[in-house]
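[1] missing the sequence, but the structure's below:
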């Protein structure tokens, strides 16, 4: 157990920035999650004494995904839709290396993730009703081959 004096500062996020060469930088108001998964596979065999042995082995891996949400605006919508269209058409330029930066309220980077060979795999525009004053949102799911955590740049 970690003592209170040695425990690191807990992150309090205010903004999220996704940066890619082919996309530019887009700000998001919500990071819904980062998911990376390795399944398990049961392996059963008999040892040299005839005993049945049950073990768990690494199973199928799923590519890491990052899910972000922002208010719907014309410029951000156009960038995300164009990026997703490249992926839908199988264009190799849809994949790229980029970063996800988690910023605090003062604008200081807290955590920087590098997303390797990432692309926009899913877009969801929230439902809307005429005359409703609710803010429309766009949700972007980014799938990548790997994610690395980098120390934030010092300012």
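    Received, thanks. This structure is a prediction, so every number in the text was calculated from the model and none was measured.

[2] what sits against the most centrally placed residue in the chain?
    Residue closest to the average C-alpha location in the chain (CA atoms, centre = their mean): residue 66, at 1.5 Å. Taking CB atoms under 8 Å, 6 or more residues apart in numbering as the definition of contact, the neighbours of residue 66 are 31, 33-35, 100, 113, 115, 118, 141-142, 144, 147. C-beta coordinates here come from the backbone N, C-alpha and C atoms, glycine included.

[3] Repeat that for residue 115.
    Neighbours of residue 115 in contact, by CB under 8 Å, 6+ apart: 64, 66, 97-100, 142, 144, 147.

[4] Using neighbour counts, pick out the buried residues of the longest strand along the chain.
    Secondary structure of the chain read by DSSP state E shows that its longest strand is strand 52-71. Counting neighbours by 16 or more other CB atoms under 10 Å, one finds that the buried residues in strand 52-71 are 64-70.

[5] how about the helices in the chain?
    Counting by DSSP state H, the chain forms helices over residues 74-88, given from the N-terminal end onward.

[6] now the strands for it?
    Using DSSP E, the strands found in the chain span residues 15-20, 24-28, 30-46, 52-71, 96-103, 109-125, 137-143, 146-150.

[7] For residue 83, which of these is the nearest?
    Distance to residue 83, taken as CB to CB, is lowest for strand 109-125 among those, at 4.5 Å.

[8] And the closest one, what's buried?
    Buried positions in strand 109-125, judged by neighbour count with 16+ other CB under 10 Å: 109, 112-113, 115, 118-121, 123.

[9] Reformat the residues you listed as JSON lines; add distance to residue 137 and pLDDT.
    Written out in JSON lines, the entries for the buried residues of strand 109-125 read as follows (distance: CB to CB, whole Å; pLDDT from 0 to 100):
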{"residue": "109", "distance to residue 137": "24", "pLDDT": "76"}
{"residue": "112", "distance to residue 137": "24", "pLDDT": "92"}
{"residue": "113", "distance to residue 137": "22", "pLDDT": "94"}
{"residue": "115", "distance to residue 137": "21", "pLDDT": "96"}
{"residue": "118", "distance to residue 137": "21", "pLDDT": "95"}
{"residue": "119", "distance to residue 137": "21", "pLDDT": "95"}
{"residue": "120", "distance to residue 137": "16", "pLDDT": "95"}
{"residue": "121", "distance to residue 137": "18", "pLDDT": "95"}
{"residue": "123", "distance to residue 137": "11", "pLDDT": "95"}
